[in-house]
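In: Would you be able to build a 3D model of this:
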Amino acid sequence: MRFELKPHPTTVPGPAFTLWASAERSAAFGDTATLNLWYGISAPIARFLVPDPTPEPQRRDNLWRSTCFEIFLKEQEQVAYQEWNFAPSGDWAAYDFEAEREGMSLAEIAAPPYIRVEDNLTWWGLGATLSIPADARFTIALSAVVEEKDGRRSFWALHHPRPEPDFHHPDCFVARLA
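Out: Residues are numbered from 1 along each chain as shown. Coordinates of the predicted model:
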């Protein structure tokens, strides 16, 4: 499924570009399925602050302070959710929340995500692949923080329910992962 993300009205980039994402669940293998994500930006990568790939990507906090792509997963009919962050460097983060911004802890994961960046000269993208429970049905929120070389940051999501950027708001979970 492909989704168009929108910049928060208070952080519109200039000149304008588009940002899209796709999310696909693979067939299950035992208790696990694979979630394949792709985020694309319709502007040259040279315009953005994008860290070089790290030789050994690691779990790191505060990735959202610069260019970072995110997915929030909530099992249907639940208030608890999981947040994943993916940096172009290959670094990543995963957190569990008991409710909106409450009870945050490091998510226990089976394996780190596989992250890659593709530069197509006029557009660029980040892909991330991670393991998810095979039998879970999720509502999702897709988002991104994009930092340009001039220091401008824009906050992108499927839906912006508040006057300030807030990717954790329950109304951000507007898509279903089939």
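In: which residues touch the residue nearest the centre of the chain?
Out: When CA atoms, centre = their mean is applied to the chain, the residue found nearest the centroid is Glu70 (1.5 Å). With contacts defined as CB atoms under 8 Å, 6 or more residues apart in numbering, the neighbours of Glu70 are Trp64, Glu83, Trp84, Asn85, Phe86, Ala141, Leu142, Ser143, Ala144, Val145, Phe167. The way it works is simple: take the backbone N, C-alpha and C, and place the C-beta from them, glycine included.
In: out of those residues, which are inside strands?
Out: Glu83, Trp84, Asn85, Phe86, Ala141, Leu142, Ser143, Ala144, Val145 (DSSP state E).
In: Give me the residues contacting the lowest-mean-pLDDT helix or strand in the chain.
Out: The helix or strand of the chain with the poorest confidence is strand 175-177; it has a mean of 92 (mean pLDDT, DSSP states H and E). In this structure, residues lying in contact with strand 175-177 by CB under 8 Å, 6+ apart are 1, 3, 23, 25, 35, 73, 76, 137-142, 158.
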